[in-house]
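In: Here is a sequence with its predicted model. Questions after.
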Amino acid sequence: MNWLKLATASILGVGLIAGLWLIWPVLFPTPVADTQPAMTPERIERGAYLARAGNCIGCHTAKSGPPYAGGRRVPTPFGSLYTTNLTPDDATGLGQWSAADFYRAMHLGRSKNGGFLLPAFPFTSYTRITREDSDALYVFLQSLAPVERVRPPSDMRFPFDTQLARLGWQRLFFKPSTFEPDPKASAAWNRGAYLVEGLGHCSACHTIRGPLGEESQAHAYAGGPIAGMEWDALPLNLNRRMNDVDRREMHALLKAGTSRDNAVSGPMAEVVFNSTQYLDDSDLDAMITYIASLPVTDSPAPRVTTRVDGVRRSELIKQGSVVYANHCADCHGRDGEGQPFTYPALANNPLVLAPSANNAIRIVLDGGFAPSTAAHPRPHGMPPFSHQLSDEEIAAVISYIRGAWGHDASAVAAADIARY
C-alpha cells in the first residue's frame, strides 16, 4: 500500500506543479509601466511609419471599410476571427485603452481586461519591439478619427475559443522578449533583425505552422503553405549566398512591387502596397542584410498532389509547349525571358520552380496582379485563364514552364487543377 500512496502523492505533486506552471501568468502577471506618452507631431509621424512597417492597416481594415476600424475576417485552421477596431472609439475601439494596455497586448499577448489573445495577432513577433516604438504606435492610433464599428463574433471551434486554450498555447509556444542588438553584428544587420523579427513579422507567413498553429522552427523562413490562406510563401533563406543582383532584386520588389525580371503577387502584393513601399531605403537594405544572413533550414513538405510519372510528364510538357506558344509567349517570351520591367521572366523564376506549383496554378487560374506603387503606379497584370483553358491545358502549360528551359520541377496533373 505504501507504493500506492507514494504513486498517488507523486501524481498529485506533478499535477500541482503543472497547474501552477500553467496559471503562473494569471497569478503573477508581468507588470507594465503605466506611462502616458505625449501626443506630439513627431511621435505621431513616427507611429505612422511604424504602422506602415507592421502593415497594421492590412489586417485591421475590412474590405471597403474605414482604415484601421477592423472587421476583416481572418481564416485559420481552427476557425475564423475578425480583427479589432484600432481607432480610438470608446465603445468599439481603443478609446479606453492606455499606452500600458497597448504595450501589454503587443509585448505579452494580453488584452486590456487581462484576457489571452489569439496568436493570429502576431504578438509572438511584436513582443520584440521597444516600449518607445509601442508608445509611438499607440499615439498614432489615438490620433485617428474614432470610428464606431462593432466587430463580428468569431467562429473559432472548441476548445480554441476558450481562454484556457489560449493560456495553454502561450505557455507552450510563447516567451515574451525584447529585441537585444548583437554587439558583433553591424548596425544595419541589427536594424534589419529588429524589423524582420519584430514589426515586420515576416515569419508569420514565411515559416509554416505546426498542428497547434505554432511556428515550426525546424522550417524557419523556409516558406510553404500560409496558414489560413490559399497561397504559399517563398523561402527567404536561400540555399546559396545572396549576391548584389539578388539584393537589388529584393529591394526593387519590396519598394516597387516589380523588378527587371519579376513581380510580386498574391498576399505579398498586399504587403508591398500597404507597407514596404513606404519604408526608407535604408530600412529596406537593413532588412535585406538580415535576410541574407538567415541560416538554411529544411524545406517543408509541399502540398499533396497527384503523382505524374515520367511518360505522362513528357506528354504534358509537349502539350503545354503548344498552349504556351498560343497564350503566353507574346508576353513572357519564347524562352521564358519575359520583357524587362513589364512582364516577368519565367525562366529560373523562383515561383515557377517552387516545390509546390500552388502559386503558379492560382495565378494562371485567377490572374496575377502586381501592386500599384509610387515607384511603379501602373504595373501590367496577367489576365485569368480559368474561363479560357481546360484543366488539362492548364496542367500542361504549368508542367511545361516547370520543365522547359533547363527546369526540372515536378509536373502538374489535371486532377490537381480540378481541386481549385
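Out: Here it is on my side, so go on. Numbering: from 1, shown residues only.

In: With adjacent residues omitted, what lies nearest to S125?
Out: Distances taken as CB to CB, 6 or more residues apart in numbering put H201 closest to S125, at 3.7 Å, once the chain neighbours are dropped. Glycine gets a C-beta too; all of them are placed from N, C-alpha and C.

In: Can you tell me the SS state at R312?
Out: With DSSP: H, G, I helix; E, B strand; the rest coil as the basis, R312 sits in helix.

In: So it versus P377, what's the distance?
Out: Look at R312 and P377: by CB to CB, to the nearest Å, they are 44 Å apart.

In: swap in R46?
Out: Distance from R46 to P377, by CB to CB: 27 Å.

In: Same question for E315.
Out: Applying CB to CB to E315 and P377 gives a distance of 43 Å.

In: Report how many residues lie close to Q36.
Out: Counted with other CB atoms under 10 Å, residues neighbouring Q36 total 11.

In: List phi and psi for it.
Out: Backbone torsions for Q36, taken as degrees, to the nearest 10, come to phi -120, psi 100.

In: Next, the contact list for R157, please.
Out: 78-79 (CB atoms under 8 Å, 6 or more residues apart in numbering).

In: For it, give me the pLDDT.
Out: Looking at R157, its pLDDT reads 94.

In: Name the residues of the host helix or strand of M250 that come out as buried.
Out: Following DSSP states H and E, one finds M250 within helix 244-256. Across helix 244-256, burial judged by 16 or more other CB atoms under 10 Å covers 247, 249-256.

In: and that helix, what does it pack onto?
Out: Packing partners of helix 244-256 (3 or more CB pairs under 8 Å, 6 or more residues apart in numbering; DSSP states H and E): helix 267-274, helix 281-292.

In: what packs against the first one?
Out: Same thing as helix 267-274. helix 56-59, helix 244-256.

In: would you turn these into TSV with mean pLDDT and distance to T83?
Out: Rendered in TSV, the data for the helices and strands packed on helix 267-274 read as follows (pLDDT from 0 to 100; distance: least, CB to CB, whole Å):
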stretch	mean pLDDT	distance to T83
helix 56-59	97	5
helix 244-256	96	24
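
In: Of all these, which one comes closest to E270?
Out: Nearest to E270 among these is helix 56-59; the distance by CB to CB comes to 5.8 Å.

In: got a list of contacts for the closest one?
Out: Defining contact as CB under 8 Å, 6+ apart, one finds that helix 56-59 is touched by 51, 67-68, 72, 74, 83, 86, 137, 270-271, 274-275.

In: Next secondary structure element downstream of the helix or strand bottoming out on mean pLDDT in the chain?
Out: Least confident element among the helices and strands of the chain, by mean pLDDT, DSSP states H and E: helix 2-27 (a mean of 73). Downstream of helix 2-27, the first helix or strand assigned by DSSP H and E is helix 41-53.

In: Just the angle for that following helix relative to helix 267-274, thanks.
Out: Angle, helix 41-53 to helix 267-274, by axes from the mean of the first three to the mean of the last three CA atoms, to 10 degrees: 160 degrees.

In: what does helix 41-53 contact?
Out: Here helix 41-53 makes contact (CB under 8 Å, 6+ apart) with 37, 57, 133, 135-141, 143, 195, 199-200, 274-275, 278-279, 283.

In: what's near enough to touch W24?
Out: W24 is in contact with R171, counting by CB under 8 Å, 6+ apart.

In: which SS class is S177?
Out: What three-state DSSP gives for S177 is coil.

In: So what's the residue count around it?
Out: Around S177 sit 11 other residues, with neighbours defined as other CB under 10 Å.

In: The one 4 residues further on now?
Out: Taking other CB under 10 Å as the neighbour definition, P181 ends up with a count of 12.

In: What of G79?
Out: Around G79 there are 16 other residues, counting by other CB under 10 Å.

In: how far away is it from R157?
Out: Applying CB to CB, the value for G79 to R157 is 5 Å.

In: Likewise for V32?
Out: Applying CB to CB, the value for V32 to R157 is 32 Å.

In: How about A404?
Out: A404 is 44 Å from R157, by CB to CB.

In: Show the contacting residues for T258.
Out: 252, 264, 341, 370, 376, 379.

In: Can you add distance to I11 and secondary structure and give the residues you listed back as TSV?
Out: Conversion of the contacts of T258 to TSV gives the following (distance: CB to CB, whole Å; DSSP: H, G, I helix; E, B strand; the rest coil):
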residue	distance to I11	secondary structure
A252	61	helix
V264	55	coil
F341	68	coil
A370	60	coil
H376	65	coil
P379	64	coil
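
In: nearest to A218, of these?
Out: For these, the closest approach to A218 (CB to CB) belongs to V264, at 26.7 Å.

In: Highest neighbour count among the contacts of T258?
Out: V264 (27 neighbours).

In: From what I see, that one and S372 are in contact.
Out: No - contact criterion CB atoms under 8 Å: V264 and S372 do not qualify, at 11.9 Å.

In: which residues of the stretch 151-300 of the chain fall in helices?
Out: In chain order, the stretch 151-300 of the chain shows helices spanning 163-173, 187-194, 203-206, 244-256, 267-274, 281-292, with DSSP state H, counting those that start in this stretch as the criterion.

In: same for the last one, what does it pack against?
Out: Yep, that's helix 281-292 we're talking about. Using 3+ CB pairs under 8 Å, 6+ apart, the elements in contact with helix 281-292 are helix 187-194, helix 244-256.

In: What residues of it count as buried?
Out: Across helix 281-292, burial judged by 16+ other CB under 10 Å covers 283-292.

In: Now these in TSV, please, with extra columns for pLDDT.
Out: Below are the buried residues of helix 281-292 laid out as TSV (pLDDT from 0 to 100):
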residue	pLDDT
D283	98
L284	98
D285	98
A286	98
M287	98
I288	98
T289	97
Y290	97
I291	97
A292	96
